[in-house]
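>>> give the three-dimensional model of this entry:
(2 chains)
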Amino acid sequence: MAKEDTPLDQGVFDSTLEAELAKGTDRRVAEGRARSAAVRAFRAANPEEAAKHEAAGAKPAAAAAAAGAGAPAAAAAAPAAAPAGAPVAVAAASVTTPVREAPLPTGNVPTPKKGAEDKHRLLALVPPEGIQRVEREQGDRVNVWPHLLIEEFVAMFILLAGLTLFSTFINAPLRELANPNLTPNPSKAPWYFLGLQELLRYFHPMVAGITIPTFILIGLAAVPYVDRNPSNKPGDRKIAITLMTILFMFGGVLTIIGSFFRGPGYNWVWPWAQGVFFEL
Amino acid sequence: MKLKPPSPGDLGDRIRETEVWKSIFRPGSIFRKGYKDTSRDRALATMNNVLYHLHPVKVKRHGLKLTYTFCLGGLSFFLFILLTITGIFLMFFYRPTADIGGAQAFADMQSIRTSVFFGDLVRNLHRWGAHLMVFSVTLHMARVFYTGSYKPPREFNWVVGVILLFLTLGLSFTGYLLPWDQLAIWAVTVGTSLAGYSPFIAKQANFLLLGGVVVGPETLLRWYTLHVIGLPFVLVLFLAVHFWRIRKDGGISGPL
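Residues are numbered from 1 along each chain as shown, chains lettered A, B, ... in the order given. Take a look at the predicted model:
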């Protein structure tokens, strides 16, 4: 709405401007504040006149919009396209001198001119709720190169050097040719299965060899789905840590017993007395 | 006019300015001329390298703490690479046949130890590396458990990890038979005898594993194929998922 046309209470305007300027407010800001106070005062004092003025302001704008549409047919179509037309009228009402005049929507799909180039325009409308604002703390972060990669390289080379040294001086075992008719005593599985072989002493082979390993594997895979405790702190996870430690201890103890405390006939031996019956 | 030969440093600079050199080393490479130790070039060094791009550009500082990860996952992967390289070397000198009257596999093992150049060292590396990998993968699992790193959104990656542990054990066990000595076939006989106790499918499971009723030449060929191509293929697939999920689930170690 143009400033000049709005009726206002001159007395309120002057007093407010004076008060604002006395406070040390910038003149432009002070004038704005005074004007808004004056307009509000005028509207409060004589509501009828203010409403009349509003309607008068809206009329010529609506007429201009209708004229802009051109044909009377289009003007008749305007109510049909009410949802689109209404905002146009509101917008026009607030601008006395329209900067640009656009025809009202006709509702007809435009057809390209004959021989015109085939063009496509795509306008994407994004609802405001589709725009996400992601806020994350940067945290204390360091560059992977060089900090992490150097660490990885050092670890890798230490491992490689250690393994090479070990392999230079200690030979992997190679016994005599396989003989299916000559069972060595004791016969042991590779070390990582010796825990299971040890279980064979106490359980039926189906339990020790099939049921328990299957349970352990499925149980391990199910850990994150069973343990729904969101905390990472050891203090909050006493049950989980205790159970897993017990599992690891059982595995470790059984493997050590199977490896070092079992001799000929898979009977108990003391490794320091009867010797070690274990090969990698 | 007298041409002066360029100094080695000058020559190096000239080579690094050639189109060929620049086409190989992408911007940010430390081998490229003009690498500056700035945040930008450090980021590019990670992003523009085929190996390093597995990593994000930045990690949380506490992820560097050695006592948090102990590098166990990375070292397990490194051991897998080492075992692949040494394994390929050993394949040149090994035939997985053990017919009656002449066990070629065992003869090849002996010749690897005695007549192949570095054969003994490479076989030792392969064998000890394999045992170490079983150990490091197990420790890696323990570490991940104790730091609670399997919690959402990482649940599925833990499951993939359990599969990888199982595959590691399978690879180690299938490799155990290949020397075809007394240690190998009897360890495998003991280990596979358990399959004969599986419910309902005891006979079939046993036959599937052994290619026969007892450990024999068919078992050797079967386990060799699994060891050198079958299981590594499956393992690499799961490894790819494992690494991909590490990135997607928020990077190495530490809560999100």
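>>> in chain A, what residue is nearest chain B?
Proximity to chain B, evaluated over chain A using CB to the nearest CB, is greatest for residue A:209 at 2.9 Å. Quick note: C-beta positions are derived from backbone N, CA and C, even for glycine.
>>> quick check: pLDDT value at that residue.
pLDDT, residue A:209: 85.
>>> number of nearby residues for it?
24 (other CB atoms under 10 Å in any protein chain shown).
>>> nearest residue to it in space, please, no chain neighbours.
Excluding its sequence neighbours, the residue lying closest to residue A:209 (CB to CB, 6 or more residues apart in numbering or on different chains) is residue B:194, at 2.9 Å.
>>> ok, now residue B:185?
residue A:178 (4.2 Å).
>>> who touches that neighbour in this structure?
Listed by CB atoms under 8 Å, 6 or more residues apart in numbering or on different chains, the contact partners of residue A:178 are B:98, B:103, B:106, B:180, B:181, B:182, B:184, B:185.
>>> next, format these as a markdown table and append neighbour count, pLDDT and secondary structure.
As requested, those are arranged in a markdown table below (neighbours: other CB atoms under 10 Å in any protein chain shown; pLDDT from 0 to 100; DSSP: H, G, I helix; E, B strand; the rest coil):
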| residue | neighbour count | pLDDT | secondary structure |
| --- | --- | --- | --- |
| B:98 | 23 | 89 | coil |
| B:103 | 20 | 86 | coil |
| B:106 | 21 | 93 | helix |
| B:180 | 25 | 93 | coil |
| B:181 | 22 | 92 | strand |
| B:182 | 20 | 92 | helix |
| B:184 | 25 | 93 | helix |
| B:185 | 27 | 91 | helix |
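>>> contacts for stretch A:219-233 next, please.
A:236-237, A:240, A:244, B:141, B:145, B:147-152, B:154-155, B:158-159, B:162-163, B:165, B:255.
>>> for chain B, what helix or strand is lowest in average pLDDT?
Ranking every helix and strand in chain B by mean pLDDT, DSSP states H and E puts helix B:66-69 at the bottom, with a mean of 78.
>>> is chain A contacted by it?
Yes. For helix B:66-69 and chain A, the contact criterion (CB under 8 Å from any CB of the partner chain) is met by residue B:66.
>>> off-centre distance for that helix?
21 Å (CA atoms, centre = their mean, to the nearest Å).
>>> quick one: name whatever helix or strand follows that helix.
helix B:72-91 (DSSP states H and E).
>>> does residue B:221 touch residue B:104 like I think?
No. Using CB atoms under 8 Å, residue B:221 is not in contact with residue B:104; the gap is 11.2 Å.
>>> what do these two both touch?
In contact with both residue B:221 and residue B:104: residue B:97, using CB under 8 Å, 6+ apart.
>>> can you pull the contacts of the closest residue to chain A within the stretch 51-200 of chain B?
Ranked by CB to the nearest CB, the top residue of the stretch 51-200 of chain B for proximity to chain A is residue B:194, at 2.9 Å. Counting by CB under 8 Å, 6+ apart, residue B:194 touches A:196, A:200, A:205, A:208, A:209, A:210.
>>> alright, that wraps it up for me.
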